[in-house]
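1. need a structure here:
(one chain, ligands or ions: 1)
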Amino acid sequence: MMGNIGLYIHIPFCRQKCLYCDFPSWAGQEDQMQRYVDALTKEIRNRSREYSDRTVVSVFF
Ligand code: SF4
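-> All right, here's what the predicted structure looks like:
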């Protein structure tokens with residue numbers, strides 16, 4: 001029996017890049033947002049088939 005899972009969805013767009021930040025994130029890339037959302041939507045759709053026997057109990061952005 002498969003268990004519950006949690007999701008982490010990374011949003012890499014920031015108003016400015018903090019000096020201490022190690023996350024893959026960028027400022028000034030707003031023109032890429034729609035492309036990212038489209039790719040993320042596609043990825044979620046594909047993964048949902050792969051994990052259809054799991055229950056998502058948390059989503060962290
Ligand atoms: S810590 Fe990193 S991800 Fe968070 S707001 Fe600053 S640059 Fe963006």
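
2. List, one by one, the residues from this structure near the ligand.
-> Proximity of the chain to the ligand is assessed by Cβ under 6 Å from any ligand atom, with Cys14, Lys17, Cys18, Cys21, Phe23, Ser25 identified as the residues in range. Backbone N, C-alpha and C define where each C-beta goes, glycine included.

3. Return the residues in contact with the fifth one.
-> Yep, that's Phe23 we're talking about. Contact partners of Phe23, counting by Cβ atoms under 8 Å, 6 or more residues apart in numbering, are His10, Pro12.

4. So what's the residue count around Ser25?
-> Residues within reach of Ser25, counting by other Cβ atoms under 10 Å, total 15.

5. wouldn't it be in contact with Gln32 here?
-> No - contact between Ser25 and Gln32 fails when scored by Cβ atoms under 8 Å: they sit 12.0 Å apart.

6. Common neighbours of the two, please.
-> Once Cβ under 8 Å, 6+ apart is applied, the residues that Ser25 and Gln32 both contact turn out to be Phe13.

7. Alright, calling it a day.
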